[in-house]
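Student: The sequence and its predicted three-dimensional model are supplied below.
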Amino acid sequence: MENELTLSKPKKSETNEPPYRISLQVTSALLCLVVAVVMLLQFGQDKLLIKKEKFLSYEEACSSGSFTSLKDLHRFVTQNITTYYGEMDKDQFINSYYWKAKPVLMKGSAKNWKSLSHWTDDYLVKNFYDTKFYVDLRKHHFTVNTVRTKMNLGRFLNNYKKKEWYLDSMTNEHRFIDMMDVPKYLNISGIFTKNEEGVADFFHNLYLSSGNTDSPLHFDGYSNLLTVLDGRKEWILAEPTEALKLRMDEWTDHPNLSPMNVTDFNVLDFPELCNVTWYRAVLDPGDTLFVPDLHPHHVYSPPGRNLAVGMWFNVPQYNEDLYEMGFYEEGEEEGRGIPIAKQVSLFLEHVKTRKHPCELTDCSPIPGGSSTLRTLLYNNGEQYSRDTDVPPPQTFSIQLATSGEQATSGEQTTSGGQTREVNGICFGTGLPGSSIENVYINTLMALNMGYKVVDTAAMYGNEIEIGSAVRDSKWTRRAVTVITKFEHSKLKGEDIFTETVAEIESSLERLKIEYIDIL
């Protein structure tokens, strides 16, 4: 009876429920309340931790050693780049981004491209098996030269999923551009400056790997429209002025590239890294990112098949304007390129003062539209390929310098029987210990940065690569001065003139150019 009294039995007038049922209900309610409070506290703690990590400052990340690679840095970047959904019209693209050199991510802008669904490995093997591309033989960039080789696409596709290979290659090969879609905002008659041969100052790049790739920390000398066709690419990028904080004057492989080992570095070696304002852009299939030149960036591709195309170009009269501003006149250290501070300063000045593109070129739509890149890039759809088509051999005249004569910068030299000025810093290619695999890409990048004088020699064993770089560069043949040499021991003395001509013809055969400027 005493036990029954402890249940606080209610009066019959208040309820007809048995007393033990009320105790069970109260106990259950209390248990539910306790569980709810515990879950709420746990949820709040998790949310707090997530929020804390998401908004962790660069300074906190650096001081705590939260990252030792740029891939890790990506998760601390909270500011997204300007994002547009869908495909822009040409006026908005030109006025707001192209002319003003402002980056923009266009989500879903290429969702209707045929290449998005058609360019499977089987399709590429069927159509481009024997087409040759340059391939990096590792996926991550280090502070030493990345080994590159040229191989046909069939061999690459048969091996890239089990090898540390990354196809990163320029290709204006005509069958590719016949199948490449054209964004509507580029469907403009004069959007690219064309040289005297009618070829646009434009490059088309193909990127293909099995993912888990790191780019170097760098900036480019061309504006780029990068479109992802398969997989994902994660970018962080910064304004041009931030390049001064990233030690890019201390390049190792080539100019405009930070000496940072992006996969393993000590933040103490880059004290200004945490003071950089970074922006983030994540590209999925069908997304396009417009990145103007001189914007420092790093790109990481997660594991899995990763396919993208890049379109490289600049505003009309860009190089001519920079020449007038003195962009290419100064090299503080011979062979070390143009100082970063000068590049950034003149670039920003040019962006502020340059004319609107439509004042310099025809911005009207191409009549009937442009279904592929061919009609956009080449006059009358000519089938001209920088990768595979070499101009036919031409007759040439030779003028031998008399004893003691030497051509130097600013003097007159002969080419094809005509005289012209030779100006600019010379890019030497006979560095001791340099690998032949890197000669082509380093020379091509130097030319596209602004070098217009290239020195080689038969004894260097790289004339084939130098000739390819000259043909593939943004310059016309006449704009580049090619210097080569041969050893006196090659001359037997029986008929020096005939023997000299034979050596020149051998160099021309290797270079596959119409003439040699200086011998």
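Tutor: Sure, I can see it.
Student: Was I right to think residue 457 contacts residue 466?
Tutor: No. Assessed by Cβ atoms under 8 Å, residue 457 is found out of contact with residue 466, at 9.6 Å. In short, each C-beta sits where N, CA and C put it, glycine included.
Student: which of the two has more neighbours?
Tutor: Ranked by neighbour count (other Cβ atoms under 10 Å), residue 457 and residue 466 place residue 466 first, with 27 against 18.
Student: Quickly find the element holding that one.
Tutor: Counting by DSSP states H and E, the element that carries residue 466 is helix 463-472.
Student: quick check: mean pLDDT across that helix?
Tutor: For helix 463-472, mean pLDDT rounds to 84.
Student: Name the residues that touch that helix?
Tutor: Here helix 463-472 makes contact (Cβ atoms under 8 Å, 6 or more residues apart in numbering) with 170, 386-387, 390, 429, 436, 439-441, 443-444, 447, 454, 456-457, 477, 480, 482, 484, 507, 510-513.
Student: Try it again at 6 Å.
Tutor: 386, 439, 440, 443, 444, 456, 480, 507, 510, 511, 512, 513 (Cβ atoms under 6 Å, 6 or more residues apart in numbering).
Student: now the helices for the stretch 51-200 of the chain?
Tutor: 58-63, 70-73, 90-93, 114-118, 121-128, 153-159, 174-179 (DSSP state H, counting those that start in this stretch).
Student: how deep is residue 500 tucked in, by neighbour count?
Tutor: Every residue meeting other Cβ under 10 Å relative to residue 500 is counted, giving 16.
Student: List the buried residues of whatever helix or strand it lives in.
Tutor: Element membership for residue 500 (DSSP H and E) is helix 496-511. Neighbour counts over helix 496-511 (16 or more other Cβ atoms under 10 Å) mark 500, 503, 504, 507, 508, 510, 511 as buried.
Student: Not counting residues beside it along the chain, what's closest to the last one?
Tutor: With sequence-adjacent residues excluded and distances taken as Cβ to Cβ, 6 or more residues apart in numbering, residue 511 is closest to residue 467, at 3.4 Å.
Student: What separation do you get for that neighbour and residue 427?
Tutor: Note on residue 467: its distance to residue 427, by Cβ to Cβ, to the nearest Å, is 14 Å.
Student: Same check on residue 64?
Tutor: 44 Å.
Student: Neighbour count for these two, which is higher?
Tutor: Each of residue 64 and residue 427 has its neighbours counted (other Cβ under 10 Å); residue 427 has more, 23 against 9.
Student: Can I take it that the more buried one is in a strand?
Tutor: Yes. Residue 427 forms part of a strand when assessed by DSSP: H, G, I helix; E, B strand; the rest coil.
Student: Over to residue 277. Which of the three states is it?
Tutor: Assignment for residue 277 (three-state DSSP): coil.
Student: Let me know how buried residue 263 is, in neighbour terms.
Tutor: 16.
Student: Which residues are in contact with residue 351?
Tutor: Residue 351 touches residue 101, counting by Cβ under 6 Å, 6+ apart.
Student: So for the helix or strand hosting it, what gets flagged as buried?
Tutor: Residue 351 belongs to helix 340-353 when assigned by DSSP H and E. Under the neighbour-count criterion of 16+ other Cβ under 10 Å, helix 340-353 has 340, 343, 344, 345, 346, 347, 350, 351 buried.
Student: Let's have the residues you listed in a markdown table, adding pLDDT.
Tutor: Below are the buried residues of helix 340-353 laid out as a markdown table (pLDDT from 0 to 100):
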| residue | pLDDT |
| --- | --- |
| 340 | 84 |
| 343 | 85 |
| 344 | 89 |
| 345 | 89 |
| 346 | 87 |
| 347 | 88 |
| 350 | 88 |
| 351 | 90 |
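Student: which one of those sits closest to residue 287?
Tutor: Residue 287 lies nearest to residue 351 out of the buried residues of helix 340-353, by Cβ to Cβ, at 25.0 Å.
Student: so how far is residue 340 from that closest one?
Tutor: 16 Å.
Student: same check, this time on residue 32
Tutor: Residue 32 is 64 Å from residue 340, by Cβ to Cβ.
Student: about what we covered before: need the max-distance pair from the buried residues of helix 340-353.
Tutor: 340 and 351 (16.4 Å).
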